[in-house]
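1. sequence and predicted structure are below.
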Amino acid sequence: MLILTIRTDKPEAELGLYEDDKQLTYLHWQAHRELAETIHQQMRDILMSQQKELREVQALAVYEGPGSFTGLRIGVSVANALANSLQVPIVARTGDNWMAQCIAAIQGGENTSIVIPEYGALPNITTPRK
């Protein structure tokens, strides 16, 4: 089973490609404020590096947080859209061992259908300017 992993909770974003629990390739890049502009190209590049196409992805594993509001929002939104359009399972976890937990859950047949990010704190809503 070809699994795409996504982690976007910090300025350095990460994508991984796994065949079951065997890592095929893993990519880190400094996404900073360009995550929304770079994540799709990086996905294309990581898949092409293994002679794979997006339609071959059979599941998605996502880091759900805590972390950057914008980074998590973008990564989780992309993952949810991909899982829905490809009609594949999606699973999210947190913690140091998130990826292994996700892969084990996917192999066990889990599918959360949609991932909700965990930001780690309540939103900081500022008072509108007058």
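-> Good, I have the coordinates. Residues are numbered from 1 along each chain as shown.
2. now stretch 76-96: buried residues?
-> 76, 78-80, 82-83, 86, 88-94 (16 or more other C-beta atoms under 10 Å). The C-beta positions use only the backbone N, C-alpha and C, and glycine is treated the same way.
3. for these, which one is nearest Glu37?
-> Proximity of the buried residues of stretch 76-96 to Glu37 (C-beta to C-beta) peaks at Val78, which lies at 12.0 Å.
4. in the buried residues of stretch 76-96, find the pair that's most separated.
-> Leu86 and Thr94 (23.5 Å).
5. and Lys10, how close does it get to Leu86?
-> Going from Lys10 to Leu86 by C-beta to C-beta, to the nearest Å gives 26 Å.
6. I figured Asn80 was touching Val91, is that so?
-> No: with contacts counted by C-beta atoms under 8 Å, Asn80 stays clear of Val91, the gap being 11.8 Å.
7. that older thread, specify which member of the buried residues of stretch 76-96 is nearest to Gln42.
-> Nearest member of the buried residues of stretch 76-96 to Gln42, counting by C-beta to C-beta, is Val78, at 10.6 Å.
8. which one is the closest one nearest to, not counting chain neighbours?
-> Closest residue to Val78 apart from its sequence neighbours, by C-beta to C-beta, 6 or more residues apart in numbering: Ile39 at 5.8 Å.
9. then the one you found would be within a helix, right?
-> Yes: counting by DSSP: H, G, I helix; E, B strand; the rest coil, Ile39 falls inside a helix.
10. what about it, how many residues close to it?
-> By other C-beta atoms under 10 Å, the residues close to Ile39 number 22.
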